[in-house]
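# Dropping the sequence and predicted coords here.
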Amino acid sequence: MPLTREDILVGIVGWSAAEKINLVEDIWDSVLPEACKLPVTGAQMKEYQRRLDHYRQHPETAVEWHDFLSQLKKSRDVVGPDDQKTS
């Protein structure tokens, strides 16, 4: 008989936060192949097209991913494992 959601929640009560996060990562990894097969909605496609059109008309407004992530971390005062806090 498969475990119920409640069985799982009761079973992880004594786990550390790190162990719970690892479990969530494992669950996400198992869902990802299926999630990638989900169809894109009309609204999502419309938003994608709007953003792509804006980029093509104004490519100078684009931001490199690492720059965006750095700005986001600074705005939220977040320090990752590869970062050093500068304040």
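Looks like it arrived, so ask away. All values derive from a computational prediction rather than experimental measurement.
# Contacts for the helix or strand where Leu52 lies, please.
When elements are assigned from DSSP states H and E, Leu52 belongs to helix 42-57. Around helix 42-57, the neighbours that count as contacts under Cβ atoms under 8 Å, 6 or more residues apart in numbering are Val40, Thr61, Ala62. Glycine gets a C-beta too; all of them are placed from N, C-alpha and C.
# what's the neighbour count on the nearest residue to the last one once chain neighbours are set aside?
This means Ala62. Nearest non-adjacent residue to Ala62, counting by Cβ to Cβ, 6 or more residues apart in numbering: Tyr55, 6.0 Å away. Residues within reach of Tyr55, counting by other Cβ atoms under 10 Å, total 12.
# May I see the domains of this structure written out as residue ranges?
Here the domain parsing of the chain from automatic domain parsing is 1-38, 41-77.
# any low-confidence regions in this protein?
Low-confidence regions of the chain, defined here as pLDDT under 70, cover residues 78-87.
# for the residue nearest the centre of it, helix, strand, or coil?
In the chain, the centroid-proximal residue (Cα atoms, centre = their mean) is Trp28; its distance is 10.3 Å. Following DSSP: H, G, I helix; E, B strand; the rest coil, the label given to Trp28 is helix.
# and stretch 23-30, C-alpha only, in PDB?
Extracted in PDB, the C-alpha atoms of stretch 23-30 (Å, rounded to 0.1, in the frame of the first residue of the first chain):
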ATOM      1  CA  LEU A  23      13.600  15.500   0.100                       C
ATOM      2  CA  VAL A  24      11.900  18.400  -1.600                       C
ATOM      3  CA  GLU A  25      14.700  18.600  -4.200                       C
ATOM      4  CA  ASP A  26      14.300  14.900  -4.900                       C
ATOM      5  CA  ILE A  27      10.600  15.200  -5.300                       C
ATOM      6  CA  TRP A  28      11.100  18.200  -7.700                       C
ATOM      7  CA  ASP A  29      13.600  16.200  -9.700                       C
ATOM      8  CA  SER A  30      11.000  13.400 -10.100                       C
END
